[in-house]
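Q: sequence? don't have it. structure:
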Ligand SMILES: Cc1cc2nc3c(=O)[nH]c(=O)nc-3n(C[C@H](O)[C@H](O)[C@H](O)COP(=O)(O)OP(=O)(O)OC[C@H]3O[C@@H](n4cnc5c(N)ncnc54)[C@H](O)[C@@H]3O)c2cc1C
C-alpha cells in the first residue's frame, strides 16, 4: 500500500492531526494498533487553550456540545479547608473561552466522525520503518506483516512510541513517583457540581463533574513503580486509604463499580530536543508526554494539530513546515512538561511540616501571580 501522509496512532493526537491535514486539503491515512478504537481513560479536562485550538480546527461546537463547562476549581486540604480557589468565569471573561470537561469516549466519537472510514486502519501496530536511499519514501512495517510506503510520517503513537525511541535513542518514559486510580461514576445522587482536588498526607483525590450527570474522579498515591500492592488495590482498599479525607471522597468511591476502576503509574517523557526529523514528525504524547498535574497532555496534542494546520495553510515545503512546527512547539511543550512535573512533586508532599508550609504559601499567593500563570497557559494564538 502507498500513501502520502501516514499517521501512526489513532488517539487524540493522531485523530486531530488527521483532521488538520484534511482541512488543509490532504488525505492522510491513520494506522491504529488496536482492533477496535476504544478510548482508554475516564474524564478529561479541556482547558480554554485546547478549546481555542479546536476552534481553529472547526471542531469547537461539536466538542463543547458533548462537554460541560468547568465553573470553578478548588484545591482543599484533607480537612476540607480551601487552599486555592479558581473562578473559571473570570477565565471566560478574560480569554473569551471556557474550560471544559468531557468524557474521553465522547471526544473520540466527535473526532472519529470526521475521519473517512476508508482512511482509518485498525489492528495495524507499526513496529518499524526504513527510509529509501533518496530520503523520500518511508517503508512502514506493521505487526500483522503488512507494509505501507509513505512520503511523510506523523508519529502519534503515545508515550511508549517505538518509532520515537528509534529517532531519539534513550527517550524512554520516566516514572513520576506516584500511582493513579481513575473512574467515572453516576453523579445524579452525589450532586457534585464543581471540581475539587484534596491534597493531603495520604495523597491526592480529585473529582470533576462531566456532562450527562457523570463524575470523573482520580486518586494519586506516592509509591514505587509498578507496586503489586497498589496494582491489586480494590475500591474498599481505596476507601480505607482515604478514610480520613472529607466524606464526599468515601461517597464517590462507594458509588464506583469495581470493573470501571483504571489503575496506572504516572509517567512522562523527559523533554526531547527535536520533533521534526526530515519527513517524520512527532506529535502528542509521542513527542511530549507530560504528567497529568496541569490537565494539559491532550490539550497540547490538540494544540499540536492546530499549529500544524496553521503551518499547512501558510504553505511551503513540508519538511520546512515540520521544522517551523517544531520551533513553535518545543518551548511551550517543554514548559508544560517541566511545570507539571514540579506541580506533581509539590502536590504529592506527604511530610506534615512540608504540607503546612506548602498550604500556607499557596493560600497567600497573590492573585496577580496566579493570573500570570493562567495567562501563559491560555493566551495562545494559532
Ligand atoms: C491520569 C491521567 C489523567 C489525564 N488527564 C488529562 C486531562 O484532564 N486533560 C488533558 O488534556 N490530558 C490529560 N491526560 C493526558 C492525555 O491522556 C494524553 O496526553 C493524551 O491521551 C495523549 O494523546 P495521544 O494521542 O498523543 O496518545 P495516546 O492517547 O496514548 O494515543 C496513542 C494511540 O496510538 C496507538 N498506538 C500505540 N502504539 C502504536 C503503534 N506502534 N502503531 C499504531 N498505533 C499505536 C494507541 O493504541 C493509541 O490509540 C491525562 C493522562 C492521565 C494518565
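A: Yep, it's here. Computed from a predicted structure; not experimentally measured.
Q: any idea which helix or strand carries the residue in the stretch 101-250 of the chain that the ligand sits nearest to?
A: Across the stretch 101-250 of the chain, the shortest distance to the ligand (C-beta to the nearest ligand atom) belongs to residue 158, at 2.7 Å. For glycine as for every other residue, the C-beta is placed from the backbone atoms N, C-alpha and C. Residue 158 is part of no helix or strand, with elements assigned from DSSP states H and E.
Q: show me what contacts it?
A: Shown here is residue 158, whose contacts under the criterion C-beta atoms under 8 Å, 6 or more residues apart in numbering are 9, 11, 13, 284, 285, 286, 289.
Q: apply 6 Å and report the result again.
A: Under the criterion of C-beta atoms under 6 Å, 6 or more residues apart in numbering, the neighbours of residue 158 are 285, 286.
Q: now residue 326
A: 275, 276.
Q: would you agree it falls within a helix?
A: Yes - the secondary structure assignment for residue 326 places it in a helix, going by DSSP: H, G, I helix; E, B strand; the rest coil.
Q: work out for me the element residue 130 sits within.
A: Here residue 130 is assigned to strand 126-131, by DSSP H and E.
Q: what's the very next helix or strand once past that strand packed up against?
A: If you walk from strand 126-131 toward the C-terminus, the next helix or strand you reach (DSSP H and E) is strand 138-142. In terms of contact count using 3 or more C-beta pairs under 6 Å, 6 or more residues apart in numbering; DSSP states H and E, strand 138-142 is assigned the packing partners strand 126-131, strand 147-155.
Q: let's see it at 8 Å
A: strand 2-8, strand 126-131, strand 147-155 (3 or more C-beta pairs under 8 Å, 6 or more residues apart in numbering; DSSP states H and E).
Q: need the contact partners of it.
A: So strand 138-142 is contacted by 6, 8, 31, 124-132, 147-153, 279-280 (C-beta under 8 Å, 6+ apart).
Q: pLDDT on the longest strand seen in the chain, on average?
A: If you go by DSSP state E, the chain has its longest strand at strand 174-186. Across strand 174-186, the average pLDDT comes to 97.
Q: follow-up on the earlier one: rebuild the helices and strands packed on strand 138-142 as a markdown table, extending it with distance to the ligand.
A: Rendered in a markdown table, the data for these read as follows (distance: least, C-beta to the nearest ligand atom, whole Å):
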| stretch | distance to the ligand |
| --- | --- |
| strand 2-8 | 5 |
| strand 126-131 | 4 |
| strand 147-155 | 9 |
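Q: please name whichever of those strands is nearest to residue 255.
A: With C-beta to C-beta as the measure, strand 2-8 is the member of the helices and strands packed on strand 138-142 nearest residue 255 (38.4 Å).
Q: given the closest one, what are its sheet partners and their directions?
A: Strand 2-8 has these partner strands in its sheet, going by DSSP bridges: strand 29-31 (parallel), strand 147-155 (parallel).
Q: of those, which stretch is the most buried?
A: Counting by mean count of other C-beta atoms under 10 Å, strand 29-31 has the highest mean neighbour count of the strands paired with strand 2-8, with a mean of 25.
Q: other residues contacting it?
A: Applying C-beta under 8 Å, 6+ apart, the external contacts of strand 29-31 come out as 3, 5-10, 14-15, 18, 115, 119-121, 124, 126, 140, 142, 148, 150.
Q: these, buried ones only, as a ChimeraX selection?
A: Applying 16 or more other C-beta atoms under 10 Å to the contacts of strand 29-31, the buried members can be selected in ChimeraX as follows:
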select :3,5,6,7,8,9,10,14,15,18,115,120,121,124,126,140,142,148,150
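Q: okay, the nearest residue to residue 143 once chain neighbours are set aside: pLDDT?
A: Nearest in space to residue 143, with sequence neighbours left out and distances taken as C-beta to C-beta, 6 or more residues apart in numbering, is residue 125 at 4.1 Å. We note a pLDDT of 97 for residue 125 in this prediction.
Q: what does the one 4 residues further on give?
A: We have a pLDDT of 93 for residue 129.
Q: near the ligand, which residues of this protein show up?
A: Where the chain comes near the ligand, counting by C-beta under 6 Å from any ligand atom, the residues are 8-14, 31-34, 41, 44-45, 125-126, 156-158, 162, 180, 182, 218, 284-286, 292, 295-299, 301.
Q: which among these count as buried?
A: With neighbours counted by 16+ other C-beta under 10 Å, these contain buried members at 8-14, 31-33, 41, 44-45, 125-126, 156-158, 162, 180, 182, 218, 284-286, 292, 295-299, 301.
Q: against which helices or strands is the helix or strand that the longest strand of the chain is followed by packed?
A: On the C-terminal side of strand 174-186, the closest following helix or strand by DSSP H and E is strand 195-200. In this structure, strand 195-200 makes packing contacts with strand 72-77, strand 203-210, helix 352-363, judged by 3+ C-beta pairs under 8 Å, 6+ apart.
Q: list the neighbouring strands of the first one plus their orientation.
A: Looking back up the chat, that one is strand 72-77. According to DSSP bridges, the neighbouring strands of strand 72-77, each with its direction, are strand 82-87 (antiparallel), strand 195-200 (parallel).
Q: just name the most buried of these.
A: Between these, the one whose residues have the most neighbours on average, counting mean count of other C-beta under 10 Å, is strand 195-200 (a mean of 22).
Q: what does it contact?
A: Looking at strand 195-200 with C-beta under 8 Å, 6+ apart, the contacting residues turn out to be 70, 72-78, 80, 83, 101, 204-209, 244-246, 249, 347, 349, 355, 358-359.
Q: stretch 368-380 now?
A: Applying C-beta under 8 Å, 6+ apart, the set of residues contacting stretch 368-380 is 47-49, 52-53, 84, 86, 91, 94-95, 97, 294, 296, 303, 332, 335.
Q: which one of these is nearest to the ligand?
A: The ligand has its nearest neighbour among the contacts of stretch 368-380 in residue 296, at 5.2 Å by C-beta to the nearest ligand atom.
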